[in-house]
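**Q** Just a sequence and a predicted model for now, questions to come.
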Amino acid sequence: MAQPLVKKDDDRDDEADYSPFLGIEKGAVLQEARVFNDPQLDPRRCSQVITKLLYLLNQGETFTKVEATEVFFAVTKLFQSKDIGLRRMVYVMIKELSPSADEVIIVTSSLMKDMTSKTDMYRANAIRVLCRITDGTLLTQIERYLKQAIVDKNPVVASAALVSGIHLLQTNPEIVKRWSNEVQEAVQSRAALVQFHALALLHQIRQNDRLAVNKLVSSLTKGSVRSPLAQCLLIRYTSQVIRESANIQAGDRPFYDFLEGCLRHKAEMVIFEAARAITELNGVTSRELTPAITVLQLFLSSSKPVLRFAAVRTLNKVAMTHPMAVTNCNIDMESLISDQNRSIATLAITTLLKTGNESSVDRLMKQITNFMSDIADEFKIVVVEAIRSLCLKFPLKHKSLMNFLSNILREEGGFEYKKAIVDSIVILIRDIPEAKETGLLHLCEFIEDCEFTYLSTQILHFLGIEGPKTSDPNKYIRYIYNRVHLENATVRAAAVSTLAKFGAMVDTLKPRIFVLLRRCLFDNDDEVRDRATLYLNTLGGDGTVVQTSDDVKEFLFGSLDIPLVNLENSLKNYEPSEESFDINSVPREVKAQPLAEKKAPGKKPTGLGAPPAGPPSTVDAYEKLLSSIPEFANFGKLFKSSAPAELTEAETEYAVNVVKHIFDGHVVFQYNCTNTIPEQLLENVTVIVDASEAEEFAEVASKPLRSLPYDSPGQTFVAFEKPEGIPAVGKFSNMLRFIVKEVDPSTGEAEDDGVEDEYQLEELEVVAADYMLKVGVSNFRNAWESMGADCERVDEYGLGPRESLAEAVNAVIDLLGMQPCEGTEVVPNNSRSHTCLLSGVYIGNIKVLVRLQFGLDGPKDVAMKLAVRSEDEAVSDAIHEIVASG
Amino acid sequence: MILAVLFANSEGNILVERFNGVPAEERLHWRSFLVKLGAENLKGVKNEELLVASHKSVYIVYTVLGDVSVYVVGKDEYDELALAEVIFVITSAVKDVCGKLPTERLFLDKYGRICLTLDEIIWTGYLESTDKDRIRRLVRLKPPTEF
């Protein structure tokens, strides 16, 4: 096996095959470099020493600053030698050493001399070195020479200047942009490489000017570009132009003919680039796609592995959006499964899995089985994921696909690979009811010999949920109980919980489960014993076999729909007292919204000292803050705090944003104010709220802010009463009122007298989404089924013309303010229908689940079916009302 | 950009490694990754037969040349086909310098010239020269013949 990190010379003892660098050591080579200082230079010896230095550098060796400086100064002496070979080495060495700015000056004059030399090759190399080590000031001095070099008739000099330009554009764009005319001229060069480099540089110079790029592409696609490399660049720039041209109707796509023409180019590189560009066109039609697929198909049987790889990689991508277009290539791709290059084989298999039809599944699986044993884990994971998708596509084939997964589960493999297989089996069990029992048994067999604690516990947890619902739960008990004997404490504890779940759910098993749980009371691990004791006591393990009540089930196995971070914080804040800890007091908001920081840029800190910490930003902190204000203390438990919404434009004198705090019968607006004028102090700051467009709200309290100095945020509050438990909505207009006092900037002291002033703020709205908490569920399907259809309300809505399906989905999510589940908020490109799953808790702590099915009705019109399940039918109706009125 | 060019001997020891735009802390990872890739796949591969792999948006083309293995890594415009062009230039230029397929000893004997050759082919991540005759002349500071 290779030992990559050992230097080449350390392990050689073959006398006949001595390495010239045997025993090389940095210190010794640095000593040798002193020959550079000899008055009589020996070019051969010097070249040898430079080679040794390069060898060290090329092996990843580094020089300290002192060492590098010393070598650099010594190397500069070598400019005295006229030996051509040595000069070439010196150029490389200086580039490798990358001297610092203060050292560069030593070689600048020598390099400038070479740059204006009559010897072309000195010029080319000096340009490359200078551009590598130069800074902006030096660059202006040599700019004139560089511009000349770009149009030099020697292509090496021109290329050196152009490639230098590409690098310099990163550091000194304004200088390089001045070379446009010369670069433009170089694009027309007869030398292929000069054309390639010039085109790359010209595009980089103009990349932000869409019109200029368009013009460049238009002119070059008409003319002839000599270099295939340049032609490839041109194709890329052309696709960029096509991408950016808006609203192209199929059929009159600009430049398509050029791309299609490139499919007949003599260079394979160009053909491929054009084919790939066509496959990546937005909204590509089958007619446009066909010629590209045909050349890619030819490449599949090329003798060159790189071409095969490129072709299958591109087809793999096409298969995601246009599987039917790729099916013609299936036979060619099947032969690639045995390709010696495993990357090609893996891509071929995953493409086939995407494009194959139901009848070819069995044949494909047979081929893959042989292939799996000799590929690395990362390839295997790709294959497993592709098989999972295939199985979801063809549920009838679950038997053979599940068998395949269970077979590979038994073979050797690392954690990530095994996890991918287990995840796949779990997903198939969830989505294909017929696959459940066999899938569970496969998982049971796996945990009999599973070396990964994480996977064992996950599977045991899953068995606890699904096992009791099967026709014969009895058969899983043996596998679970074996874990109590054979595994480590973590797995044993998980097994105890799973056993208890079976006991709670299946009454007939209960007595036997109790016997097993009692045995666990003697386990040597605390957690295992504690769990067994808890389950026996709560499930009635005292000998009476009774049906377990729903409350107990909920207590033991109900999902904890409270974020653990919030629970942890609440527990930390809880002070032991007579009153026991109430889990309902834990906030359920998923995460706190950070307050938008708003400070005038460029403002220097004043003499006010360190700015105080900003207003509290977490739900927990909001709760503390509000309960500390006597006026709001009797409002009860805080249901939700919104994200701050800005009520002023950016960069205004006073920056104000508002946070809406929702209580059962009240709403509190917290106005976070910042004074951005150093010469002013604001006092007695209040917000005058006009609630005439919010009929159900009545103002009950207002808490002014006594003083608002410069750049030191403060808060003022206004509270409203509203009908209890009702999700009242309304619009509020706001006016900031305060007394303004002049401040002397030199002393920081405010004048005694102030003037009353007002400042108009934007309106704010209380909307239906304010009464909804974003609370996710881990498994929507389970949650949906366990909620039941009793309070289900289903209706259909036309959403009218929309920009895209994704836009419609996001609008509805925002309207409802619920948490999207299982990544369903993401709408794949080009899809014409989409299902989105949402979950939340409505005011009054009512759990709500929503299933949204969107479909495109006509070209732009979006239709939506909304199914709501909740614990209260009034809430289900309320959700429909929100959508109907939104 | 061409992110890396790496030469290793048959035992996987590094002979030349040149990185462009790869942070120092990631180089060790790349080095081990490439050598492992070669150890797993290059056995029995014919000289100059290209192998290819991709990892996210980075492409790797590698091959065997006599006793040494060569790897080039690229991204963006340097995809697998462009890298195939790069590695072809590198292998033909190295063969040209060595006069035949290099043994490890021969490669090390010609080390200085090979460094110069690589310097002509790739310049901080960009392909600069593609013709081996021209490269041979440039290394000796002679102008190209076509000029």
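**A** That came in fine, so what should we check first?
**Q** Now do the same contact list for A:Asp42.
**A** Counting by CB atoms under 8 Å, 6 or more residues apart in numbering or on different chains, A:Asp42 touches A:Val35. Heads up, the C-betas are built off the backbone N, CA and C, glycines and all.
**Q** what do you get if the cut-off is 10 Å, keeping everything else the same?
**A** For A:Asp42, the residues meeting the contact criterion (CB atoms under 10 Å, 6 or more residues apart in numbering or on different chains) are A:Val35, A:Gln48, A:Val49, A:Ser81, A:Asp83, A:Leu86.
**Q** All the helices of the stretch 551-700 of chain A, residue numbers only.
**A** Here the stretch 551-700 of chain A has its helices, by DSSP state H, counting those that start in this stretch, at A:564-573, A:619-627.
**Q** would CSV of the ones you listed with mean pLDDT and mean neighbour count be doable?
**A** Below are those laid out as CSV (pLDDT from 0 to 100; neighbours: other CB atoms under 10 Å in any protein chain shown):
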stretch, mean pLDDT, mean neighbour count
helix A:564-573, 81, 13
helix A:619-627, 76, 18
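**Q** can you put the ones you listed in CSV and add distance to A:Ile368?
**A** Formatted as CSV, the helices of the stretch 551-700 of chain A follow (distance: least, CB to CB, whole Å):
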stretch, distance to A:Ile368
helix A:564-573, 40
helix A:619-627, 50
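**Q** Give me the pLDDT value at residue 47.
**A** Reading this off chain A. Reported pLDDT at A:Ser47 in the predicted model: 93.
**Q** actually it's chain B I care about, not the one you picked
**A** 93.
**Q** Can you add distance to chain B and give the helices of the stretch 551-700 of chain A back as a markdown table?
**A** As requested, the helices of the stretch 551-700 of chain A are arranged in a markdown table below (distance: least, CB to the nearest CB, whole Å):
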| stretch | distance to chain B |
| --- | --- |
| helix A:564-573 | 32 |
| helix A:619-627 | 37 |
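**Q** hey, where'd the strands end up in chain B?
**A** For chain B, the strands defined by DSSP state E cover B:2-8, B:14-19, B:51-55, B:58-65, B:68-75, B:122-123, B:126-127.
**Q** Give me the subset of the contacts of A:Asp42 lying in helices.
**A** A:Gln48, A:Val49, A:Leu86 (DSSP state H).
**Q** Where does the prediction get shaky in chain B?
**A** Along chain B, the model assigns pLDDT under 70 to residues B:146-147.
**Q** okay, now the residue in it that chain A sits nearest to: neighbour count?
**A** Chain A sits closest to B:Gly12 of chain B, with a gap of 2.1 Å, by CB to the nearest CB. Neighbour count for B:Gly12, taken as other CB atoms under 10 Å in any protein chain shown: 22.
**Q** And for A:Tyr574?
**A** With other CB under 10 Å as criterion, A:Tyr574 counts 14.
**Q** pLDDT at it, what is it?
**A** Value for A:Tyr574, per-residue pLDDT: 79.
**Q** Let me see the contact set for it.
**A** A:Ser580, A:Phe581, A:Asp582, A:Ser585, A:Val586.
**Q** how about a cut-off of 8 Å?
**A** Counted by CB under 8 Å, 6+ apart, A:Tyr574 has contacts A:Phe581.
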